[in-house]
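[1] Generate coordinates for the sequence data below:
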Amino acid sequence: MNTSTSTGTRTRTRTYNVVYARGAVHIQGLDEQVRGGLDSLDYALTACPALSKNQTFWVYALTTTDLAAAVQKATALAESGQVTGFCKKCRKTALAALQAEAQEISDKMQNATVEVPGEWIEDVPEDDGRPVWTLSTDYDGEAEIYYATVTGDGPCTWTVGECFPEGRIIEDGKADTVEAAQQLAGQAFARAVAR
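    Presented below is the predicted three-dimensional model:
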């Protein structure tokens, strides 16, 4: 996972150094907020006070822009016995940064608008006369085992499920309009196919 910070029109990629000396292995390049609220711009230069001490004897085991690779290297060094362990403060800060990045990516994926190739075709109405639309897609392979339907003309319900082997419903929901229900069902369908 690469961590980038944007400054104006330029993007700067953060660099992480896995270092050790006589004691534990550390990761240089992690920021930590030291005082103030979430809006504060007051940061320490490093997450670990041990890194600000004499660096003459530091051994640089890895320099990377990938924080996950830095954590893996530091963990491997700690487990190999070459050092006394992985600095708890560096480890906690690095794992929190990775978790925050993973959550941000997950949120973006969940909220992303996905264009589904295909069209909504009006199908046979329900017994009570409510209209039904079925998604006819241009996907191939995996998409053939999923279905998406919208029922009603406002408010509507939508459903995405498996045709087989189990025939279970994967996602369903409600929307005020047919168009909104079709969009939500299309996105859920695309997520199901992408799994």
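[2] from the middle of its chain, how far away would the helix or strand harbouring Lys108 be?
    Lys108 is located in helix 88-111, with elements delineated by DSSP states H and E. Centroid separation for helix 88-111 versus its chain: 8 Å, with Cα atoms, centre = their mean, to the nearest Å.
[3] Tell me the buried residues in that helix?
    89-91, 93-94, 97-98 (16 or more other Cβ atoms under 10 Å). The way it works is simple: take the backbone N, C-alpha and C, and place the C-beta from them, glycine included.
[4] could you pull out the helices for this protein?
    Per DSSP state H, the chain carries helices over the ranges 67-80, 88-111, 178-194.
[5] Now do the second one against helix 67-80, angle only.
    Taking axes from the mean of the first three to the mean of the last three Cα atoms, to 10 degrees, one finds helix 88-111 and helix 67-80 inclined to each other by 140 degrees.
[6] what does the last one give?
    Counting by the same axes, to 10 degrees, helix 178-194 lies at 40 degrees to helix 67-80.
[7] How about helix 178-194, which residues are buried there?
    In helix 178-194, counting by 16+ other Cβ under 10 Å, buried: 178, 180-193.
[8] Tell me, please, where in this protein the pLDDT is lower than the cut-off.
    Within the chain, the segments meeting pLDDT under 70 span 1-12, 22, 32-47, 54, 56, 109-117, 138-143, 165.
[9] Domain parsing of it, as residue ranges.
    4-111, 118-194 (automatic domain parsing).
[10] Measure how far the first one is from the centre of its chain, please.
    The gap between the average C-alpha position of domain 4-111 and the chain average comes to 19 Å, counting by Cα atoms, centre = their mean.
[11] Ramachandran angles for Arg168?
    For Arg168, the backbone dihedrals (degrees, to the nearest 10) come out as phi -90, psi 160.
[12] Now do the contacts for it.
    Neighbouring residues of Arg168 by Cβ atoms under 8 Å, 6 or more residues apart in numbering: 161-162.
[13] Share the number of residues neighbouring Thr15, please.
    Residues near Thr15, counting by other Cβ atoms under 10 Å, number 13.
[14] and if you look at Gly81?
    8.
[15] Then Val150?
    Val150: 28 surrounding residues under other Cβ under 10 Å.
[16] Can you give me the distance of it to Gly186?
    Counting by Cβ to Cβ, to the nearest Å, the gap from Val150 to Gly186 is 10 Å.
[17] Contacts only, for Ala76.
    Neighbours of Ala76 in contact, by Cβ under 8 Å, 6+ apart: none.
[18] just Leu62 next, same as before
    So Leu62 contacts 16-18, 69-70, 73 (Cβ under 8 Å, 6+ apart).
[19] Emit the PyMOL select command for whichever of these are buried.
    Typed into PyMOL, the next command selects the buried ones out of the contacts of Leu62 (criterion: 16+ other Cβ under 10 Å):
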select buried, resi 16+17+18+70+73
